[in-house]
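>>> sequence? don't have it. structure:
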Ligand SMILES: Nc1ncnc2c1ncn2[C@@H]1O[C@H](COP(=O)(O)OP(=O)(O)OP(=O)(O)O)[C@@H](O)[C@H]1O
Ligand SMILES: Nc1ncnc2c1ncn2[C@@H]1O[C@H](COP(=O)(O)OP(=O)(O)OP(=O)(O)O)[C@@H](O)[C@H]1O
Ligand SMILES: [Mg+2]
Ligand SMILES: [Mg+2]
């Protein structure tokens, strides 16, 4: 190895929940100045491992060493004192507090026992500047869109001036541009000698950024090596243990079906005066920087927020849909981006979540048909490879598996239009591929798919065309051939839209 | 407050809680009295506040009455101590303050009007001891804890009970002065104690609850004291029990208004107007029940009153 | 291993724990207190529990959906006072009066829901304001005329004992069956729980928030009304304040039964023993001869002790 | 790149300004009521009139703060009222005795802090729902108050009554003082923690906020405020009453919710809660001066409470539309 003492190290560490082992004798060492990737499928135990390294959980066996010395009981405070900072996914923010207060939470500078707001402002501003956070520092975090909150979370970690920075899927809700800012930042930090542990399901990112990789599979380390000579395919092989095959299904242009959505002068939330139409069998991508109205566009179509249009026809209905009930009845389904807050009822069981939209469809003698429901749930779980007992609370699933549940629950309704808001966020490559295949199959079966995504390659490879949003309007519509990553990002940034428009 | 203020007067009634039926009936006697006095050109207006059971709010409302410079304030107190200071303030402003039924501790006001709670307790206890010939097991039913009326009645009974060692107090209850909780409590006691010889119930609708508990559990009725609640009087007659009741006449309210006006006119009024307890027993109950239909089903059948009675009461010293 | 996991499962089942607690308290009290274990006494405890249980049925639904109903006490009082006033003389069965009164109670519940759905007023404020409003109404209607209950149906409710089982308990069993079915075997229940646990996700999944809210609060009003009739039947007389004790007890029964006060988790199955537990505790305190201060302390401590055993909530 | 809006301006005050967001409607309603009150009773503008008015509002403001503090960190208390009674009782029985006014004050402070902290310990470490723990607590505390003082009585030195509830606006000054103390508390790591713990306990824990300690301290401070409200009521009335506080429980919740404090924790502001309590208090006086009979008082109270929540909501919707 490179000879330095690891700043933080886990040796033979293991952890289980309710008797189910999640990590089995895992070793990992974080060295200064090294960008260390942690890879694994959904549920492999990555988040669990970092929770152990940051003191949020206690290991069942093995030990954690800081600067080579074993610590007996690592707490969040202890980890922070040791210089470990973790970026959770928007998890540790308090909505009512300002950006600055959130950044400083638990580690704010004090004077005479009180928060020193002046020092906090300066240091929080510095941390925000590093991640490109331009919102006023006094703004409550609750007012920020998801992607920006993620940046706050990262700034919060930087604020602690960490020696070890752990990033758990930091880019999953970031657009390409913001992800680029982050990559640059990570490199700078590493150059300053910070040890970085980087978890992501976006393998191209990992390859471009990281020096070293540890791969977890079913709770054991299957690879622990330098990334220098590993190709993207090689990475996937390390993770899933077999040949990856093509990531994206072969593109097939849509056969011109009937118009399922046609709106003119459509406004909702942050969206103004958009004209849009789409046909059965299409996959239409929706792109742009984070928070340019893309989400409000989907929500408005879905009837979940108030919307107006000069003319509208949706699934044969001659006007905008009045509410979610009307939308689902008309054949629309919406899969939200923030699965924890909007997509799932976390404390309820997987089965209950899967049944929620189709309640009342399986009835016998006026009562719910338990057996029928159980069969349906089992069928859905099999279709999406959700393993294990469906009687568990959905919050016990790893993020990727939660995403599958959020998608699968709509299938029994047989929707004709799928409004998907970043459906592969936090999903591992294997599952991503399954989802892509599924989307392709849906489109082939004559469904219309609106795919809002922060993962630009998805837009490039899957979509018949991509509508790029900027400041609440569609600034470009790029047809499949023209929609390269550069073109999409360029349009999103407001560059040369005219020339690129198809 | 010697005649500084000129008729017609504005009168305020600072009620602690206007929803219970007893209060509604009392309000009735007050408004009747005010109507009469209006005709005589003595009263201009009546303002009623309802503190919703909150003594703190009552202070605030009395303060508002002072601010509005009313001529007289009638107080039904929500606490025997809490209003002392604000009442004293009112008096220094020359406002006539009359307190009735639920009394305050202070003497710095125009007049207090009430029956004697101690006497209530002692006479009820005496009657029950007589009924039992000085020997037997009894249960005592009190009003809510921490309320002075309830406390005073219980205190009044104590010397009588102490003087009659043959009387054994099995247990006591504290409930709101209502039927349902009284019935619940008495039912539990009936199961725990197969032998109860008498019930010393000290007010409100407690006795009705007790009688119903005996009835529903198929137990023979025992001598029971009580108040003039219509339901109790009707049960008393229907179940043919040995009963005794007294009352807190609702016209204490009317008397208070009358007293306030007299005081404002410069007449000397006694600082404490003791209203003799009207007693209901087997000899008088029929008279009361005959009037029953004029009273609410969950109300209190009070004795009749007139100005002559008021004048007589005001004349005592 | 298997046995251990089953017993662990039992320990994590709040309704069962609460039920076991009831059994425990009854056995201990029955062995140590004279008259406690008499059939008549236990039956009486159940009869009283029926009232709380029925009020708490509505309260359970409301709390499951993430709200709270502070107007149940006022609704009980209003129904108890209104029934004699609106029962028509020409209907000897009294059923019409009962139906009318229950309809009014349900409409009050609907009004509670309307404030939340249309005015976006939080449940606690809306129902608190409704309680205040009903108090005003009571000042108007109570004590106005000489009425006592002559309604046959209500008298039957309060005193009949078909096969030795008090009518109140029979009504409770029916309510319990209906509510348990609604929660566990009808889509309504699943929607309710989803709405209580995550309103946003439930709405985006097609749960009709307004309709569910209307249904829940109307049912809460209806059940409170039913309880009001039962109380009226047992006391033969409605009076102002008759419903007051049922506000806090209904909430306490729900929480003692293991339902989360934050909504989204729990069942009426726990509320049932919760109600019995509360009544039993009150009955026990009544027969102890102690000063009011000590009684109050004992009651509070008992609730706390029961909670320690039954209500452990693995918070978030 | 200048990330913060006003690198030159004070972050603290910028945050404070933001916190007024969404409260405009309530402020307007409260101001309207104050104006109406002032017109109906011009004496309000005199020192004496203002003093008396603020005295009657003060205890409600304190208990609303006590309740709002708990609701902000995800709890609630049904024992606020009984604690007020107990605070008054402790003051009334100690201050007359050898302990004197200072000893009495100390006793009240200790009682409030200890009872609050105990409740907090039970809620935080045994993971029991606050609502029912405090319901049980309310019975226990009432019982203790009844044991200490079975019927209203005891006494508060007259000079103290005069000082706190005489003709000077001492109560208002105290309220300002308490508010300053709250601002200071909010500026401590624990104070900020109240919001973080209420909004997102897991996240707060991971950020290094001592979640349990924040809960316990909140309950203790809340207990202190309630007990001090009791002390003030005792001074105002000159004596103790073991059941005087009962209705403060619901009123404190109403005040806090009116002021926009949410139930699930982390949402709302103390200034909103104070405004809510002021509305509840001034409403009583306005209804009196308008000459409302009791029926109308009840109905109007219901309508005002609903309206104060609904109108800002609608105003917000119109502004958006
Ligand atoms: N607190 C818990 N209780 C029960 N099971 C848990 C708990 N935390 C994690 N698990 C289980 O441990 C396994 C590993 O979860 P973990 O979150 O570490 O996966 P991950 O590698 O981060 O997945 P993803 O890529 O989806 O984020 C999962 O199967 C999950 O169900
Ligand atoms: N109450 C719970 N019961 C069981 N498991 C839980 C519970 N809460 C959290 N977990 C587990 O803790 C793990 C870490 O939580 P976290 O929300 O970070 O998940 P994650 O897998 O990283 O999801 P995401 O990718 O969306 O961030 C989850 O994977 C989940 O398995
Ligand atoms: Mg993870
Ligand atoms: Mg994940």
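On my side now, so go ahead. A quick note: this is a predicted structure, and the numbers were derived from the prediction, not measured. Ligands and ions are numbered 1, 2, ... in the order given.
>>> can you give me the strands for the stretch 51-200 of chain B?
Using DSSP state E, counting those that start in this stretch, the strands found in the stretch 51-200 of chain B span residues B:72-75, B:96-100, B:111-114, B:136-142, B:167-174, B:198-201.
>>> who wins for proximity to residue D:304 among those strands?
Proximity to residue D:304 (Cβ to Cβ) singles out strand B:72-75 among those, at 25.4 Å. Bear in mind the C-beta positions are built from the backbone N, C-alpha and C, glycine included.
>>> which residues of the chain score low on pLDDT?
Went with chain A since none was named. Applying pLDDT under 70 to chain A flags residues A:1-3, A:89-91, A:241-245, A:496-502.
>>> actually it's chain D I care about, not the one you picked
Across chain D (using pLDDT under 70), the flagged ranges come out as D:1-9, D:315-321.
>>> show me which residues of it are close to chain B?
Chain D has residues D:41, D:43, D:49, D:52-53, D:56, D:59-60, D:145-146, D:150-153, D:161, D:165, D:233, D:236-244, D:246-248, D:251, D:281, D:284-285, D:288-289, D:291, D:293-294, D:297-298 near chain B, with proximity defined as Cβ under 8 Å from any Cβ of the partner chain.
>>> go with 6 Å
Counting by Cβ under 6 Å from any Cβ of the partner chain, chain D comes close to chain B at D:41, D:43, D:52, D:56, D:146, D:151-152, D:237-239, D:241-244, D:247, D:284-285, D:288, D:293-294, D:297.
>>> what about residue 87, neighbour count?
Picking chain A for this. For residue A:87, the neighbour count with other Cβ atoms under 10 Å in any protein chain shown is 26.
>>> let me rephrase: I mean chain D.
Residue D:87, neighbours per other Cβ under 10 Å, totals 34.
>>> before we move on, what about residue A:430?
For residue A:430, the count of nearby residues is 18 (other Cβ under 10 Å).
>>> next: residue A:479.
Residue A:479: 13 neighbours (other Cβ under 10 Å).
>>> what of residue B:35?
Burial of residue B:35 is recorded as 11 neighbouring residues (other Cβ under 10 Å).
>>> now swap in residue B:61 and tell me
28.
>>> now the nearest residue to it once chain neighbours are set aside: how far from residue D:289?
In this structure, residue B:61 finds its nearest non-sequential neighbour in residue B:49, 4.1 Å apart by Cβ to Cβ, 6 or more residues apart in numbering or on different chains. Note on residue B:49: its distance to residue D:289, by Cβ to Cβ, to the nearest Å, is 11 Å.
>>> and if you look at residue C:206?
As judged by Cβ to Cβ, residue C:206 and residue D:289 stand 51 Å apart.
>>> over to residue A:42?
From residue A:42 over to residue D:289 (counting by Cβ to Cβ), the distance is 67 Å.
>>> between residue C:206 and residue D:289, who's got more neighbours?
A side-by-side neighbour count of residue C:206 and residue D:289, using other Cβ under 10 Å, places residue C:206 first with 23 against 16.
>>> in a helix, that's where that one is, yeah?
No: counting by DSSP: H, G, I helix; E, B strand; the rest coil, residue C:206 falls outside a helix, being coil.
>>> ok, it touching residue A:359?
No: applying Cβ atoms under 6 Å, one finds residue C:206 not in contact with residue A:359, separated by 8.8 Å.
>>> what number of residues lie near the closest residue to residue A:84 other than its chain neighbours?
Of all residues not flanking residue A:84 in the chain, residue A:164 sits nearest, at 4.6 Å (Cβ to Cβ, 6+ apart). A count of nearby residues for residue A:164, using other Cβ under 10 Å, gives 24.
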